[in-house]
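> okay, structure incoming, though there's no sequence with it:
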């Protein structure tokens, strides 16, 4: 059986000695209003550069499909956001 892992964010991404490492993070606890949230590194993905580039391509394709369907949109500063609900 394949285990699902939930993450709230991505921490550091590094490339060294032909390997890419991506830290996956989870929210430590809900912050008080106005406080900065704290995250823990819970998992680390390690993969070859070839696999990292394949992952990049696959994610880029999914983002493009989501944009085409109007699920998300790129802002002028190149960030991606969900469309505002009416």
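It's in. None of these values were measured; they are calculated from a predicted model.
> can you pull the contacts of the residue nearest to the spatial centre of the chain?
In the chain, the residue lying closest to the centroid (C-alpha atoms, centre = their mean) is residue 10, at 5.2 Å. Shown in contact with residue 10 (C-beta atoms under 8 Å, 6 or more residues apart in numbering): 22-25. Glycine gets a C-beta too; all of them are placed from N, C-alpha and C.
> pretty sure it sits in a helix.
No - with DSSP: H, G, I helix; E, B strand; the rest coil as the criterion, residue 10 is strand rather than part of a helix.
> distance of it relative to residue 59?
11 Å (C-beta to C-beta, to the nearest Å).
> ok, now residue 69?
For residue 69, the distance to residue 59 - C-beta to C-beta - is 16 Å.
> now do residue 28
Counting by C-beta to C-beta, the gap from residue 28 to residue 59 is 26 Å.
> and if you look at residue 37?
24 Å.
> what's the answer for residue 18, then?
21 Å.
> hang on, residue 48 packs against residue 15?
No - in this structure, residue 48 is not within contact of residue 15 by C-beta atoms under 8 Å, at 10.4 Å.
> residues contacting residue 30?
residue 37.
> confirm it sits in a helix?
No - under three-state DSSP, residue 30 sits outside any helix and is assigned coil.
> just the pLDDT at it, thanks.
What the model reports as pLDDT for residue 30 is 88.
> wait, isn't residue 40 in contact with residue 29?
No - applying C-beta under 8 Å, one finds residue 40 not in contact with residue 29, separated by 9.8 Å.
> which stretches in this structure count as strands?
9-16, 19-27, 39-48, 73-74, 80-81 (DSSP state E).
> and the ones you listed, which one's lowest on average pLDDT?
strand 80-81 (a mean of 62).
> what's around residue 20, how many residues?
19 (other C-beta atoms under 10 Å).
> my read: it touches residue 49, true?
Yes - with contact defined as C-beta under 8 Å, residue 20 reaches residue 49; the gap is 6.0 Å.
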